[in-house]
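**Student:** Below: sequence and its predicted model.
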Amino acid sequence: MSSIDDIFKKPSHPSNIKRKLEPARDPTEIYKAAKLDANGDTIRGKEPTVEDAEDDDVAGPELPPDFEEDIPDDEEGRFFGGGVTKDTTNALDYIDKHENEGAASLIVHLYSYMDETSNGLARFMASEADLDVEIKTLSILSEHPKLYNEFAELGCAGSLVSLLTHENTDISIDAIEILGELIDEDVEAEEDQWDAIANSMLDADILELLSQNLARLNEENEVDRAGIYHILNILESLSSRASIADRIGQESGIMPWLHERISRKEKRVSQNKQYSAEILAILLQSSSKNRLRFISLEGVDTLLQLLSVYRKLDPQKDSDEEEYFENLFDCLTCVVDEDEGKDKFIEAEGIELAQIMLREGTLSKPRALRVLNHALGGRGGLRACEKFVEAGLLRTAFGMFMKKQDKSLTEHLLGIFSSLLRLLPGDTSGRIRTLAKFVEKDYEKVTRLIKLRREYKSKLSVVEQDINQEKSSLSQDDLDALEGEWLSRRLDAGLFSLQTIDVILAWLVAEDDGAKAKIKSLMADQDEDLGVIRGTLQG
């Protein structure tokens, strides 16, 4: 006779195919997007960086390929002959009575019936096997989100969450999988419907229960490994609300677990390890509180140790390891935006590691440059700026600047130059050395700046013409509604980079007469003067 554990072998693939989440956004883009949406919460389905994909697109870390989709039939155990108990027969009779009301409505009726007649899920079922089957039937509810409010009001969502405490982890994993399906990003639920389910889960203390299950599940076991995956799926979905992401990072043991999980040694980066790094990046991107907590866990040092492996070597292309590598850099970029993160970055020799990557890395080079841009930026970036100069990175950065680079690399280089000129004190060796780089070789870097300025201005002029044409036929309400979209188009055309260039030029005009004369001469070639720079700074 088959054992209960054999009966409950979990399918190893998620029942739904999940779209892959785009890598966490560059914090520079977050700064830009902040001008478009002041709302602290992300609107589900309307995120500017995640595009809808076809249903058959791969999404997020897949489950291990050796998982089985269907649970094998039990041919000899207590299910032989049907295994229908009296309670199950009553439930089926109840379903028959209401079958014309639709499958999704039956779920709500069934749960209501269970609560009235048997006082809860566990007592309603004659056995764990029956409970396992009934939990799986709830999967259909994700196809009928219009019933979410009623499902939540009846307390069914809370009952489902309570199963996460079940002593049989297979039952808990079943419940976790269904909960994940109900709030998955692919579910076509209205905001209030999704909120109803999510809030019910939170009220039932789902975060603490998920944390407890992360601690008790053993990934060496195939079923438990799938359970970890489904927990991460729930965390990803809940994190689409910034307020919930903040709670995940602050009110549970989830962040310490993620910190440990991304550090766990493996022969090959597994899907769950990569997914853990992805969830961590989302949480760190969502709030300053989460970043500070991760920093307090010595997270900066951990990230640098993990990334040091890639200082000269690249991860395998299109692999879980490559995504893991990207996620680690996203995490590091987020934490060095905090002053505490900048200090930890310097203490752990992060600038020296970035220097090696800039000189010898391939995939790591642009990502290291992005990290440096954020480490040097902000009011707390002075120490990082000084360390940058001391480490001899001026030569490396200006050498890259004089070569043709893609848009993002150029933007990060401009950000670094702006931070150096803004933060390094006057008459210090660091500032003098920085200014000397702009002056040397007949002001070739100044010439390069002016050339870039013309390119960005030309692109912006085309966008402005298109926007002005669109404005001519719109009402005031339409104008107000489209203002955010137009700003986004301007930023895509290079508005932010143009503004940064003008900040750099303004510093050079103020501090070096030779640079001032060169800038005036180059701008005169386009019938412009220093007034256009002043206009940018004042605008």
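**Tutor:** Received the coordinates, thanks. Numbering: from 1, shown residues only.
**Student:** pLDDT score assigned to residue 478?
**Tutor:** We have a pLDDT of 84 for residue 478.
**Student:** how about it, secondary structure?
**Tutor:** Put simply, residue 478 is helix when judged by DSSP: H, G, I helix; E, B strand; the rest coil.
**Student:** can you start the count at 390 instead of 1 from here on
**Tutor:** Taking 390 as the first residue, the last one we looked at is residue 867.
**Student:** any idea how far it lies from residue 886?
**Tutor:** Distance, residue 867 to residue 886, using Cβ to Cβ, to the nearest Å: 29 Å. All C-beta spots, glycine's among them, are computed from the backbone N, C-alpha and C.
**Student:** More neighbours: those two, which one.
**Tutor:** residue 886 (22 against 12; other Cβ atoms under 10 Å).
**Student:** Pull out the buried residues from the helix or strand hosting that one.
**Tutor:** Using DSSP states H and E, the secondary-structure element containing residue 886 is helix 884-900. Across helix 884-900, burial judged by 16 or more other Cβ atoms under 10 Å covers 884-898.
**Student:** now do stretch 728-740
**Tutor:** 730-735, 737, 739-740.
**Student:** Could you do stretch 862-878 as well?
**Tutor:** Buried, per 16+ other Cβ under 10 Å, within stretch 862-878: 875-878.
**Student:** I'd like to know which elements the helix or strand hosting residue 551 is packed against.
**Tutor:** Using DSSP H and E, residue 551 maps to helix 545-551. Of the remaining helices and strands, those touching helix 545-551 by 3 or more Cβ pairs under 8 Å, 6 or more residues apart in numbering; DSSP states H and E are helix 492-507, helix 510-513, helix 558-571, helix 580-592.
**Student:** how big is the angle separating the third one from helix 580-592?
**Tutor:** Helix 558-571 and helix 580-592 meet at an angle of 150 degrees, taking axes from the mean of the first three to the mean of the last three Cα atoms, to 10 degrees as the criterion.
**Student:** Give me the distance between helix 558-571 and the centre of its chain.
**Tutor:** Computed by Cα atoms, centre = their mean, to the nearest Å, the chain-centroid distance of helix 558-571 equals 23 Å.
**Student:** before we move on, the earlier item: tell me the one among the buried residues of stretch 862-878 nearest to residue 810.
**Tutor:** residue 876 (26.1 Å; Cβ to Cβ).
**Student:** three-state assignment of the closest one?
**Tutor:** Quick answer, by three-state DSSP: residue 876 is helix.
**Student:** remind me which residues of the stretch 390-539 of the chain are low pLDDT?
**Tutor:** In the predicted model of the stretch 390-539 of the chain, residues 390-516 satisfy pLDDT under 70.
**Student:** can you put the buried residues of stretch 862-878 in a markdown table and add distance to residue 906 and pLDDT?
**Tutor:** Below are these laid out as a markdown table (distance: Cβ to Cβ, whole Å; pLDDT from 0 to 100):
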| residue | distance to residue 906 | pLDDT |
| --- | --- | --- |
| 875 | 37 | 90 |
| 876 | 35 | 92 |
| 877 | 37 | 92 |
| 878 | 36 | 92 |
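**Student:** Can you tell me which of the residues you listed lies closest to residue 517?
**Tutor:** residue 877 (52.4 Å).
**Student:** Now do that closest one against residue 893, distance only.
**Tutor:** 24 Å.
**Student:** what do you get for residue 914?
**Tutor:** 19 Å.
**Student:** Same check on residue 710?
**Tutor:** Counting by Cβ to Cβ - residue 710 and residue 893 are separated by 38 Å.
**Student:** Residue 706 too?
**Tutor:** 36 Å.
**Student:** residue contacts, the spatially closest residue to residue 835 that is not a sequence neighbour?
**Tutor:** Counting by Cβ to Cβ, 6 or more residues apart in numbering, residue 835 lies nearest to residue 907, which is 5.2 Å off, once chain neighbours are set aside. Residues near residue 907 by Cβ atoms under 8 Å, 6 or more residues apart in numbering: 832, 835-836.
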